[in-house]
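In: Just the structure for this:
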Amino acid sequence: MKYHVFDRKFHYWAALAVSVPLLIMICSGIILHFKKHSAWIQPPEQIGISDEPGISFDQVLEICRGIPKTEVEEWSDINRIDVRPSRGMLKVWAKSNWEIQIDTKTAQVLQVAYRRSDLIESIHDGSWFHDAAKLSLFLPAGITLLLLWITGMYLFILPYYVRWKRKHRSRDS
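Out: Below you'll find the predicted structure:
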């Protein structure tokens, strides 16, 4: 079997095999491109009054406990904290996907908003479905997409190469 015949068959069947995971990856990737531009996906960053932190982590936990919808009672309810000294604020990401932005100088709550970007990212990489899906389904789909790109480029370039080769052969004869 010639390579380009095998290439076409591989291209055809591989595209079908990975179509659903790739559709999920493409759609969620497109949504993620807008995360800094859409408050629905990721809350916009607020700005505090000073670039010098003046509150302790104990105060941060107490502030978060005072916001019932975030469901923060102890440190284990917090996913991570992102301190932004240049903006005078910090972000607390609760495991419930709520984000609390706090002024690092005054301890004032600047914003409480639901954060969807982490959920969309977990859908994008397949970990939302199951940890095994990330490596056994989405990773092979990504690798297959790379192979589809390579074989697609080969199929695209092949006719031009054949014409170029014929043209040079006829010139040499």
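In: what's the spacing between the nearest residue to residue 85 once chain neighbours are set aside and residue 156?
Out: In space, and not counting its chain neighbours, residue 85 is closest to residue 51: 5.2 Å by C-beta to C-beta, 6 or more residues apart in numbering. In this view, the C-beta of every residue, glycine as well, is placed from N, C-alpha and C. To residue 156, residue 51 is 52 Å away according to C-beta to C-beta, to the nearest Å.
In: Can you tell me the centre-most residue of this protein?
Out: Geometric centre of the chain, nearest residue: residue 121, 4.0 Å, by C-alpha atoms, centre = their mean.
In: Would you confirm that it belongs to a helix?
Out: Yes: following the definition DSSP: H, G, I helix; E, B strand; the rest coil, residue 121 is counted among the residues of a helix.
In: Am I right that it is in contact with residue 32?
Out: Yes: using C-beta atoms under 8 Å, residue 121 is in contact with residue 32, at 6.6 Å.
In: residues of stretch 138-155 that come out buried?
Out: The neighbour-count check on stretch 138-155 (16 or more other C-beta atoms under 10 Å) flags 138, 141, 142, 144, 145, 148, 151 as buried.
In: ok, so what distance separates the residue nearest to residue 85 from residue 57?
Out: Following C-beta to C-beta, the distance that separates residue 51 from residue 57 is 18 Å.
In: just residue 166 next, same as before
Out: Note on residue 166: its distance to residue 57, by C-beta to C-beta, is 72 Å.
In: Let me see the backbone angles for residue 50.
Out: Per-residue torsions, residue 50: phi -140, psi 150 (degrees, to the nearest 10).
In: Ok, residue 84 next?
Out: Backbone phi and psi, for residue 84 under degrees, to the nearest 10, turn out to be phi -120, psi 80.
In: circling back to that earlier point, of residue 51 and residue 156, give the one with the bigger neighbour count.
Out: Between residue 51 and residue 156, counted using other C-beta atoms under 10 Å, residue 51 has the larger neighbour count: 14 against 9.
In: I'd like the distance from the nearest residue to residue 111 once chain neighbours are set aside to residue 60, if you could.
Out: Computed as C-beta to C-beta, 6+ apart, the closest residue to residue 111 that is not its neighbour in sequence is residue 101, at 4.4 Å. Applying C-beta to C-beta, one obtains 11 Å for the distance of residue 101 from residue 60.
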